[in-house]
Structure formats: structure tokens, C-alpha cells
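Student: sharing a model that was predicted from the sequence below.
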Amino acid sequence: MKNLNRFIEHTNLKPTVTGKDIDKLVMEAKENGFVGVCVPPFWVKRAKREIGEADIQLVTVIGFPLGYNMTETKIEEIKLAMRDGADELDVVMNISAIKDGMPWPKIEFAKCSKLIHEEDKILKVIIETAYLTDDEIVHACKLCNDAGVDFVKTSTGFANEGAKEEHVKLMRSVLPSSVGIKASGGIKSYEQAINLIKSGADRLGTSSGVAIIKESKE
């Protein structure tokens, strides 16, 4: 597939990630022309320095990985991440509130959206499909769209399963074309990557980007 590189966000969110790992992640993103790198908030400033003037989006996570932080906490995390140079913020949805039937997630998305868009940054919301029914996935996607979210993301990669084609197809059936879908979690092969894109994914969050591109050339 042509331009597969520009679908990939090269990711390292392991608890054991080091500065050298971040440097390697950015170097590989430059070498392979990936659209972005996704790093823990602690390493945003270093990743920004290593990216320099390269055409690479700097992505970090907020409320990660469980999402049930108070909204005020997420807001402060967002402010710090943008201060350090993040271009895109992947905010974990409050799944607990969704399960309880509360309207709060939409309010939280709207607050995050206002803050992030005032700085001309990108908001992605991680809904963690592994923990949701199909009806809850549809509901979460509608809330994201109503709140002006830029992308809806399938997974943190920390749940018992990651991106699945059927979930991406369901999300795409609900979301307008103006809202992107980021598939993430467990994407390790070229075949998986292509099938997720065909299902409707606009971005792929994966730590296997280099291997996937190598496989695509073979």
C-alpha cells in the first residue's frame, strides 16, 4: 500500500521506556517517514527536542491508561503536555462514567476540546473498545462527535485486547468523515494494518511500525 508510512504513529508507552528508547523512536520515525510518535507525558519535552524541524506529530496520552481521573486532573495534564510541545493529545475516556450512564463524558470531552483547539492542537479520545458493548461504542462515538473531537481511538494497548476490524467498522458507520479513527493496540503485522485501514482507520498506533513497513516491502 502506498503511503502506509503516513498512517503510522510510532509508539512506545511501556512503563520501562528510557530516554534512549525515545531517541530511537524518533530516529526510526524520521527514517521511515511516519506521521507521528506517541510517547509518555514525561518524555514529551525530550521527544520534541529530538524531532526538531522534522514533519512528525508529537503525540502523548492523558488520563492514561484507565481514564477515570477527575476532569480537572486531565485538564492540567493537557496544559503541561502542550507546554512541553505536544501536538496531539490522546485522552482516555471515563469508561466508568459511561458504564454508569452519566452525561459527564460529553462535558469532559467538550472541556478538553475547547482547551486543545484554542491552541490549534488535535484531540483524540481513547474509548477502550475492549471494555464496551457495541451499543456503548456507538454512544461514545456520538458523544465524541458532538463535542468536536478530532479522532476517536480504539484502545490504550493496556486492555485485554486491542484494535479489532469489527469495532473500527462500527465506529466508521457512526462517525462522520470529518472525525478520524485511530486504531491501536496489538497491531503487529502488515496484514492487520491493511485490514484496519480498509475497515476505516485513518491512523495506526503501533510499536511495530518498522517491522510492518519492512514486511510491506517484502
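Tutor: Received, thanks. The structure displayed is predicted, hence computed values, not measured ones. Numbers count the residues shown, from 1 in each chain.

Student: what is the neighbour count of Asn12?
Tutor: 19 (other C-beta atoms under 10 Å). (Glycine included, C-beta is placed from N, CA and C.)

Student: for Ser207, see how far away the closest residue to it other than its chain neighbours is.
Tutor: Distances taken as C-beta to C-beta, 6 or more residues apart in numbering put Leu25 closest to Asn12, at 5.1 Å, once the chain neighbours are dropped. If you measure Leu25 against Ser207 using C-beta to C-beta, to the nearest Å, the figure is 9 Å.

Student: follow-up on the earlier one: check contacts around the residue nearest to Asn12.
Tutor: Shown in contact with Leu25 (C-beta atoms under 8 Å, 6 or more residues apart in numbering): 10-12, 37, 39, 47.

Student: helix or strand: which one has it?
Tutor: Element membership of Leu25, judged by DSSP states H and E, is helix 19-32.

Student: tell me how far that helix is from the chain's mean position?
Tutor: Its chain's C-alpha centre and that of helix 19-32 lie 18 Å apart, by C-alpha atoms, centre = their mean, to the nearest Å.

Student: likewise stretch 32-48?
Tutor: Using C-alpha atoms, centre = their mean, the offset of stretch 32-48 from its chain centre is 12 Å.

Student: would you put the C-alpha positions of that stretch in PDB?
Tutor: Extracted C-alpha coordinates of stretch 32-48, given in PDB (Å, rounded to 0.1, in the frame of the first residue of the first chain):
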ATOM      1  CA  ASN A  32      10.500   5.700   7.800                       C
ATOM      2  CA  GLY A  33       8.500   8.900   7.300                       C
ATOM      3  CA  PHE A  34       5.900   8.100  10.000                       C
ATOM      4  CA  VAL A  35       3.200  10.600  10.600                       C
ATOM      5  CA  GLY A  36       3.900  10.800  14.400                       C
ATOM      6  CA  VAL A  37       5.400   9.400  17.500                       C
ATOM      7  CA  CYS A  38       3.400   8.700  20.700                       C
ATOM      8  CA  VAL A  39       5.300   9.000  24.000                       C
ATOM      9  CA  PRO A  40       4.500   9.200  27.700                       C
ATOM     10  CA  PRO A  41       4.000  12.700  29.000                       C
ATOM     11  CA  PHE A  42       7.200  12.500  31.000                       C
ATOM     12  CA  TRP A  43       9.200  12.300  27.700                       C
ATOM     13  CA  VAL A  44       7.300  14.900  25.600                       C
ATOM     14  CA  LYS A  45      10.000  17.600  26.100                       C
ATOM     15  CA  ARG A  46      12.800  15.200  25.000                       C
ATOM     16  CA  ALA A  47      10.900  13.900  22.000                       C
ATOM     17  CA  LYS A  48      10.200  17.500  20.900                       C
END
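
Student: quick one: mean pLDDT for that stretch?
Tutor: With pLDDT averaged residue by residue, stretch 32-48 scores 98.

Student: next one: stretch 174-187
Tutor: What stretch 174-187 shows for mean pLDDT is 97.
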